[in-house]
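Enquirer: Using only what follows, build the 3D model:
(one chain, ligands or ions: 1)
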Amino acid sequence: MPKHIDSSSGGLTPRSGKPHSNVPPEHPDLSRRGFLDTALLAAAAAWLVPCPRLRADDGIVGVIKNAAATGAITVQPLRGNVSVILGSGGNIAVLSGPDGTLLVDAGIAVSQRKITDALASISGDPVKHLINTHWHFDHTDGNRWLHEAGAEIIAHENTRKRLMVRHRVQGWHFTFPPAPKGALPSVVFKKDLAIDVNGAHLKLDYYQPAHTDSDIAVHFTDADVLHVADTWWNGVYPFIDYSSGGSIDGAIDAAEANLARVTEKTVVIPGHGAVGNKADLREFRDMLVSIRERVAALKEAGRSLAQTIAAKPTAAFDEKWGKFVITPDAFTELVYQGV
Ligand SMILES: [Zn+2]
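Expert: Purely as a prediction, here's the structure:
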């Protein structure tokens, strides 16, 4: 059962938000998109890692795990005692201090040794707290070992809900088994949660369904560092997980919400890509809105998906945004699905 943390648990003091324990078994299984898998795989294989161990049947999940297993992990100090670890799935924010290290996202489990080394280079503090920004494996795969190392896991209630059941992510051509018990968040909330730890104040806020229906932002308010989960992929087309309640319109709403809450001074950690700022968030929002308009116009004019892709509605953006795992054609399909 998820529980409500209190001041006795490692110095964490939630100020608001209510934990929820009603977790109905639910896993929407979705539709098609075979070619998207192929496009994702090809792009990921080309971009992420020139790894001889890659096989076509590994799928995108295997590709990302192999990339984490073979790639470098880097640590980037940000502001105050907040750093970011890049190179194991989603970006991991780190807050160190006497109450124990707090992580935002867990990376890929195969990175355990490298992440342990990276954390040791930041501080000698044991890991006590882990926040998941959403349920996707490239942000939660390390939950189990981090929990065994002593971390209490905090997340939105939908993250726990989705991790508890078998779940198909059609866009990845992969079915995830239920997560082991130790990998499940033990503290969940519905709307927002405030936490005081290591002398810092953290504000956790739920987005409405955007990239998934479990996305949260984590704001280190004193340092003014904001982790925006996978509502922002810096410099690359984002994945949108319709099989987990995501949509292009939700993604745009989240991009607007991010812009509204940051200032020119806020350091913004994307789910994927380099750490950036408000101007970068604006450029991402503008890209999403522009491509949505173009794809919607084509769909409203009666174009099929294949015809829409052939019309290349993303062309003006592809040079900058189209070189990561989500190719121009794949992103067009993700947008088409939601307009
Ligand atoms: Zn994600």
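Enquirer: Would you mind pulling up the elements that the strand or helix carrying residue 163 packs against?
Expert: Following DSSP states H and E, one finds residue 163 within helix 157-164. If you count contacts as 3 or more C-beta pairs under 8 Å, 6 or more residues apart in numbering; DSSP states H and E, helix 157-164 packs onto strand 187-189. From N, CA and C alone the C-beta is placed, and that goes for glycine too.
Enquirer: The strand it packs on pairs with which strands, and in what direction?
Expert: In its sheet, strand 187-189 lies beside strand 152-156 (parallel), with partners assigned from DSSP bridges.
Enquirer: does any part of the strand it pairs with sit near the ion?
Expert: No. Judged by C-beta under 5 Å from the ion, strand 152-156 stays clear of the ion, getting no closer than 12.9 Å.
Enquirer: what about that strand, distance to the chain center?
Expert: Put simply, strand 152-156 sits 14 Å off its chain's centre (C-alpha atoms, centre = their mean, to the nearest Å).
Enquirer: ok, back up a step: average pLDDT across the helix holding residue 163?
Expert: Averaged across helix 157-164, pLDDT comes to 98.
Enquirer: ok, now stretch 288-303?
Expert: In this model, stretch 288-303 has a mean pLDDT of 98.
Enquirer: can you check stretch 199-209 too?
Expert: Computed over stretch 199-209, the average pLDDT equals 97.
Enquirer: which parts of this structure sit against the ion?
Expert: 136, 230.
Enquirer: before we move on, the earlier item: angle of the helix holding residue 163 against strand 152-156?
Expert: In terms of direction (axes from the mean of the first three to the mean of the last three C-alpha atoms, to 10 degrees), helix 157-164 departs from strand 152-156 by 110 degrees.
Enquirer: roughly how far out does helix 157-164 sit from the chain middle?
Expert: Relative to its parent chain, helix 157-164 has a centroid offset of 14 Å by C-alpha atoms, centre = their mean.
Enquirer: With stretch 115-132 instead?
Expert: Distance of stretch 115-132 from its chain centroid, counting by C-alpha atoms, centre = their mean, is 19 Å.
Enquirer: hang on, the earlier thing: buried set for the helix or strand just after the helix holding residue 163?
Expert: Sequence-wise, the next helix or strand downstream of helix 157-164 (DSSP H and E) is strand 167-169. Of the residues in strand 167-169, 167-169 count as buried by neighbour count, 16 or more other C-beta atoms under 10 Å.
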